[in-house]
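> here's my sequence, what's the structure:
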Amino acid sequence: MLLLRDGFVYAGIEAADTAKRAVLSGFGGMMICRWKMEFGRRSIVKKRVMISFALAAMGTVGLFTPSFESHAEVLNDSMVGITYALDQYVSNLEIEEKEKKADKEEKEEEVQGCRYPEFEGKCLACVEESVNVRQEPTEASDRVGSLPVHGIALVVEKGDNWTLIESGITRGYVRNDFLLFGDVAGAYAAETCPKIAKVNTTTLNVRAGQDEASECLTMIPEGETYEVIPREDDVDEWTYIKVDSDIEGFVSSEYVDISYGFSHAISVAEEEEIRRRQEEEEAARYAEMTSTKRQQVVNFALQFLGNPYVYGGTSLTNGTDCSGFTQSVYANFGYYIPRTAAEQMNGLTNVPLDSIEPGDLLFYRGSNGDIGHVTMYIGGGQVVHASSSTTGIIISGIGYRTPCAAARVIWD
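Residues are numbered from 1 along each chain as shown. Next up is the predicted model:
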């Protein structure tokens, strides 16, 4: 009988041999052993390990066996079984220790080899527009949402052809063909995905150079986000951003939070809510079309949100620049204003910045000090404008950069 108390048995082949010698020498009864084993670099000592061999019968044989009788003659089945059990236990311990060591080394290699740890356990949609997220891993399954271009998601379970993902409030399956994983996703993001800078201070200066003594091109407010433009001469303390089509400059990296412009999946319920809001906004704009002429101009301008920016263009659908946008919007109502931003400011009647009304135009100076950009005030502290080739026609807060003048086209 093998009796274990207060611990575990750690024994080697030497320990097994010791046990055999003790039994064969006729000591029988109870043998108290303390064994020490060396596994790799560790020495494991277990105190208070007691092994009791209930071998009275065999001990009796050992005591009364003549001295000339060989060990082989007293090696009965009980002794063979105990020796085998000890050998097997030691062997299992050695295998277990080797497996633990191999697992540890494998994990260390994985950590050392991970170039983009922020993408570990994540995937990125590599599509032109969006990819469907389905309830089950089959094309025939119901849609539960969509993952847009540059959409990021957590990998719940990756299969051979489909991956179970979580993104936003959406959980479902996406075909692996449309996803990038781990370091591959990280490398793709670093190469192709735009980064954005969000201002985290009340007012931030945009400067021409990477030092505080450099010229201030404009000021931007807290909470606004801007596209980050990579440059080879960037230093850690400064970030180069694009404010508008005519303003690019450096901001102190301390006062902006940099992140990828990733999107999350949109569930079917969210898609329906977005559609409902768009319909309500469109109905509201249509109702306002019968209101004042100013509001009619604003409503008309808002119809072209999302259309492209094209330098020198005047097409509200195919592409226009900032002054081409304002000129074309007013031309639709029979008002003909000059072509460039500078000409519009100089050719129209100026109004104080604290007295602007919907439809008024706001002007901004470029990096050379000349008037280089124009927006249209739409009320509620917002402007609509053809911003840049990256964003196209968008709505921004009135203070997304500092205007220098305002002008009015429609006088009540």
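
> what sits against Thr349?
407-408, 411 (C-beta atoms under 8 Å, 6 or more residues apart in numbering). Yep, even glycine has a C-beta here, placed from its N, CA and C like the rest.

> ok, so of the residues you listed, who is nearest Cys114?
Ala407 (55.5 Å; C-beta to C-beta).

> where does pLDDT dip in the stretch 101-250 of the chain?
102-113 (pLDDT under 70).

> who does the helix or strand containing Gln344 touch, helix- and strand-wise?
According to DSSP states H and E, Gln344 maps onto helix 341-347. When contacts are defined as 3 or more C-beta pairs under 8 Å, 6 or more residues apart in numbering; DSSP states H and E, helix 341-347 packs onto helix 322-331, strand 361-365, strand 371-379, strand 405-408.

> got the buried residues for it?
341-342, 344-345 (16 or more other C-beta atoms under 10 Å).

> tell me how far the helix or strand following that helix is from the chain's mean position?
As assigned by DSSP H and E, the chain's next helix or strand after helix 341-347 is strand 349-351. Here strand 349-351 shows a centroid-to-chain-centroid distance of 47 Å under the convention C-alpha atoms, centre = their mean, to the nearest Å.

> and stretch 296-306, by the same measure?
For stretch 296-306, the distance to the chain centre is 34 Å (C-alpha atoms, centre = their mean).

> which parts of it are buried?
296-302, 304.

> okay, these in CSV with secondary structure, pLDDT and distance to Lys198 next?
Formatted as CSV, those follow (DSSP: H, G, I helix; E, B strand; the rest coil; pLDDT from 0 to 100; distance: C-beta to C-beta, whole Å):
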residue, secondary structure, pLDDT, distance to Lys198
Gln296, helix, 90, 35
Val297, helix, 95, 31
Val298, helix, 94, 27
Asn299, helix, 91, 30
Phe300, helix, 94, 31
Ala301, helix, 97, 26
Leu302, helix, 95, 25
Phe304, coil, 97, 26
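
> identify the residues contacting stretch 149-158?
Contacts for stretch 149-158 (C-beta under 8 Å, 6+ apart): 121-125, 127-130, 147, 163-167, 171, 174, 176, 181, 189, 193, 260-265.

> show me which of the residues you listed are buried.
122-125, 127, 130, 147, 163-165, 167, 171, 174, 181, 189, 193, 260, 262-265.

> sort out for me which of those are in strands.
122-125, 130, 147, 163-165, 167, 171, 174, 181, 260 (DSSP state E).

> where along the stretch 101-250 of the chain do the strands fall?
All strands of the stretch 101-250 of the chain, identified by DSSP state E, counting those that start in this stretch, fall at 122-125, 130-134, 143-148, 152-158, 162-167, 170-175, 179-181, 195-199, 203-207, 216-221, 225-228, 238-242, 248-252.

> neighbouring strands - and their directions - for the third one?
Right, the one you point to is strand 143-148. Here strand 143-148 is paired, per DSSP bridges, with strand 130-134 (antiparallel), strand 266-267 (antiparallel).

> okay, stretch 308-315 in PDB with CA atoms only?
Output of stretch 308-315 as PDB, limited to C-alpha atoms (Å, rounded to 0.1, in the frame of the first residue of the first chain):
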ATOM      1  CA  PRO A 308     -16.600  65.700 -53.200                       C
ATOM      2  CA  TYR A 309     -14.200  68.600 -52.900                       C
ATOM      3  CA  VAL A 310     -12.400  69.400 -56.100                       C
ATOM      4  CA  TYR A 311     -10.000  72.300 -56.200                       C
ATOM      5  CA  GLY A 312     -11.200  74.800 -58.900                       C
ATOM      6  CA  GLY A 313     -14.500  73.000 -59.200                       C
ATOM      7  CA  THR A 314     -18.000  74.600 -59.100                       C
ATOM      8  CA  SER A 315     -20.200  71.500 -59.400                       C
END
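
> give me the buried positions along that stretch.
Buried residues in stretch 308-315 (16+ other C-beta under 10 Å): 308-310, 313-314.

> what residues are up against Ala265?
Contacts of Ala265 by C-beta under 8 Å, 6+ apart are 133, 145-148, 151, 153, 165, 167-168, 170.

> closest to Asp236 among those residues?
Distance ranking of the contacts of Ala265 against Asp236, using C-beta to C-beta, places Gly151 first at 29.4 Å.

> got the contact list for the nearest residue in space to Gly209 that is not next to it in sequence?
In space, Gly209 comes closest to Phe250 once its chain neighbours are excluded; the distance is 6.4 Å by C-beta to C-beta, 6 or more residues apart in numbering. By C-beta under 8 Å, 6+ apart, the residues touching Phe250 are 206-210, 214, 238-241.
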